[in-house]
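*Asks:* Predicted model and sequence follow; I will ask about them next.
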Amino acid sequence: MWELIADGIRKIGEYLAEKQSSAETPQSPPKKVVMLPFELENDPNIEYTMQSDGVEAVGFRPYADKSRAVINGLARSVGDRAFEECAELTTVKIREGVTEIGFHAFYDCPRLADVKLPRGLKKIGGWSFRDCPALTYIDIPDTVTEICFCAFWSSGLQTLTLPGSVRTVDMSAFSICKSLTDLTLNEGLKELGTSAFECTYSLGYVALPDSLTVLEERAFRNSGLMGVNIPPQISELKDETFRDCKRLTEISVPDNITKIGERVFMGCEELRTVRLPRGAEIDDSVFEGCSRLHSFTVGSFTVIIPAAVEADKTGRFMSFLTRRLGSGVWGEDNSFEERQYGRDAMFALAFQLWEYGFAGVEEYLTRDLALSLDRAVCLDFPAAFDKLTALGGRIAPERMDEYIARSIDRGERELYLTLIRYKRDILGFDTDIGIEERFEL
């Protein structure tokens, strides 16, 4: 048996006999579902309370402009579209006993600002609080296990803590929460769905819990992330996971990652330092548009991205570099890469890897010692210059003063001192003290 208690009822919902004059129990109700009336007195102070034994859902259609709703715990769920588009609804209190909030339950309630969820709630349904811009905070009880697709899409949330009971955050659950600045994800979370936090422009640093096993594509695309960790149970960064995170300045991808999908870091314009594991499979588009990349580490090798690499080729160069460093071998034929990225870029890379004893680099640089010496000077690699001269490389005396003057003009002190020593010790000339004094100034 069930009973509806509300002031000013004019019409009972569709699951009651159409011609009944009171809320008496129908002889054979088609479902154990109660819809609160479609039309109610236009009194914002009315409190609507549902009381019943074994009722599965309660609903409240948008045709009455009410400001407050209290859902009694004898209901098992808040029904689909129950409070959809209630323009005046500001406060909702759901009492213990309710275990599920249905599809579209509070969708597009523009003034809804105060929501109290009960302990015992397990599921927050799809689109349930979508487009609720006044909802800046919600306390999610530690019994909730699933937050469904688009549940809080474009809500006004500013701070959010997901308890450890939450196992799944479904597709686009918090997409376009533009004001979300503080996000806490606790241990116990297993899966972040596609676009879960896409377009959360105000986010800063997010700590992903070690329990996370699935990070779906576009999870944080176009968010305000400035830093994020990759949990140890994640094996793949899927397509566009962090694309267009324009405030992300550094990223360290751990050794458990074996594959980096398409466009994962594309458009991360402020990304400057990257660490990747050796042997990871990487798509050519991963770093496209990351024009400010400066240092790049793969395994134990760290290199400075050569300035000679054109900005629109940075993405492809980084993918090539990841594969080259992952293999640990320079390779015999680099003509294709020289055409793609320019000879200076390849020389700059080779000079750096030579310091690590990278296999095959010395053979590449000693094929033409004169050219390599010239590039070592022009690209400012004094250590490589010393090593090349130790292998028998020589610079014509008439070019020394030109190189020395260039190093002064560009402020390359270490290279300048290397050239002065070479001129004195190898070529047998007195150093030009006037030039040295000029450099000190």
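*Replies:* Yes, it's here.
*Asks:* Tell me which helix or strand in the protein has the weakest average pLDDT.
*Replies:* Scoring the helices and strands of the chain by mean pLDDT, DSSP states H and E places strand 2-5 at the bottom, with a mean of 34.
*Asks:* my read: Thr145 touches Ile124, true?
*Replies:* No - Thr145 lies out of contact with Ile124 (Cβ atoms under 8 Å); the separation is 9.7 Å. Glycine gets a C-beta too; all of them are placed from N, C-alpha and C.
*Asks:* more neighbours, those two?
*Replies:* Ile124 (25 against 16; other Cβ atoms under 10 Å).
*Asks:* any idea how far that one is from Cys199?
*Replies:* To Cys199, Ile124 is 20 Å away according to Cβ to Cβ, to the nearest Å.
*Asks:* got it, and Leu276?
*Replies:* Distance from Leu276 to Cys199, by Cβ to Cβ: 26 Å.
*Asks:* do Phe317 as well
*Replies:* Per Cβ to Cβ, Phe317 is found 29 Å from Cys199.
*Asks:* Which segments of this structure make up each domain?
*Replies:* Domain assignment for the chain by automatic domain parsing gives 1-119, 245-365, 376-440.
*Asks:* can you pull out the helices in the chain?
*Replies:* Remark: helices assigned in the chain by DSSP state H are 314-327, 335-341, 343-354, 361-365, 369-378, 382-390, 397-409, 413-425, 433-440.
*Asks:* and the shortest one, what other elements does it pack with?
*Replies:* The contact analysis (3 or more Cβ pairs under 8 Å, 6 or more residues apart in numbering; DSSP states H and E) places helix 361-365 against helix 343-354.
*Asks:* all strands in the stretch 201-350 of the chain, in order from the N-terminus.
*Replies:* For the stretch 201-350 of the chain, the strands defined by DSSP state E, counting those that start in this stretch cover 205-206, 214-215, 227-228, 236-237, 250-252, 259-260, 273-276, 281-282, 295-298, 301-304.
*Asks:* Please identify the deepest-packed of those.
*Replies:* Of the strands of the stretch 201-350 of the chain, the one with the most neighbours on average (mean count of other Cβ atoms under 10 Å) is strand 236-237, at a mean of 21.
*Asks:* Low-confidence ranges, this structure, go.
*Replies:* Scanning the chain for pLDDT under 70 picks out 1-66, 72-75, 430-441.
*Asks:* got CSV for the strands of the stretch 201-350 of the chain, with distance to Asp131 too?
*Replies:* Output for these, formatted as CSV (distance: least, Cβ to Cβ, whole Å):
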stretch, distance to Asp131
strand 205-206, 24
strand 214-215, 26
strand 227-228, 27
strand 236-237, 31
strand 250-252, 33
strand 259-260, 34
strand 273-276, 37
strand 281-282, 38
strand 295-298, 42
strand 301-304, 47
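*Asks:* And those strands: which comes nearest Gly289?
*Replies:* Closest to Gly289 of the strands of the stretch 201-350 of the chain is strand 273-276 (Cβ to Cβ; 13.7 Å).
*Asks:* How far does stretch 383-403 stretch from one end to the other?
*Replies:* Chord length of stretch 383-403, first to last residue, is 16 Å (Cα to Cα, to the nearest Å).
*Asks:* One more: stretch 111-120?
*Replies:* End-to-end for stretch 111-120, by Cα to Cα: 26 Å.
*Asks:* Ok, stretch 252-267 next?
*Replies:* Where stretch 252-267 begins and where it ends lie 17 Å apart, using Cα to Cα.
*Asks:* switch to numbering from 88
*Replies:* Sure thing, new numbering starts at 88, so read that last one as stretch 339-354.
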